[in-house]
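1. Next one to model:
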Amino acid sequence: MEDILIYFFTYKEAIFIIALSIFLGIEVISNVPAVLHTPLMSGANAISGVIIIGGIILVGHADVSQLSIELILGILAVFFGTLNVIGGFVVTDRMLEMFKKKKKK
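-> From the prediction side, this is the model:
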């Protein structure tokens, strides 16, 4: 228990910034109109390519001879970043399909 308190005391500024960014993100997302939510999210999901690149770099520098935290985090970053990018493209494709004219039979 004492180690946890020391950790929080050592990194109190970073923990405070993370907590504030969580509350700010919730406030910003909840105030976005429903009409704009899909285009904004599909664009934001495409930015996840940066996460994929960071994960690849992390896996490249990790020690693969043993199962390290860097290797696990890098693999998870690549996996979830890829899922996010694919989801962004699928949502964008669905959104663009709504604006196409339907063919008459």
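2. Count the residues that sit near N45.
-> Neighbourhood size, N45 [other Cβ atoms under 10 Å]: 20. For the C-beta atoms, the positions are set from N, CA and C on the backbone; glycine is no exception.
3. K104 now?
-> Applying other Cβ under 10 Å, we find 4 residues neighbouring K104.
4. mean confidence for stretch 84-95?
-> For stretch 84-95, mean pLDDT rounds to 81.
5. Next, the buried residues of that stretch.
-> Of the residues in stretch 84-95, N84, V85, G88, V91, T92 count as buried by neighbour count, 16 or more other Cβ atoms under 10 Å.
6. doesn't I53 make contact with the second one?
-> Yep, that's V85 we're talking about. No - if you go by Cβ atoms under 8 Å, V85 and I53 don't touch, sitting 11.1 Å apart.
7. Could I get the pLDDT score of Y7?
-> 87.
8. What is the subsequent helix or strand relative to the helix or strand hosting it?
-> Y7 belongs to helix 2-10 when assigned by DSSP states H and E. Using DSSP H and E, the helix or strand that follows helix 2-10 in sequence is helix 12-30.
9. And that next one, what's buried?
-> Result for helix 12-30 [16+ other Cβ under 10 Å]: no buried residues.
10. just the angle between it and helix 2-10, please?
-> Helix 12-30 and helix 2-10 are oriented at 70 degrees to each other (axes from the mean of the first three to the mean of the last three Cα atoms, to 10 degrees).
11. and helix 12-30, what's its mean pLDDT?
-> pLDDT averaged over helix 12-30 gives 89.
12. State which helix of the chain is the longest.
-> Looking across the chain with DSSP state H, the single longest helix is helix 69-98.
13. And it, what does it pack against?
-> Where contact means 3 or more Cβ pairs under 8 Å, 6 or more residues apart in numbering; DSSP states H and E, helix 69-98 is packed against helix 34-46, helix 49-61.
14. Comparing those by mean pLDDT, which bottoms out?
-> Among the helices and strands packed on helix 69-98, helix 34-46 carries the lowest mean pLDDT (a mean of 68).
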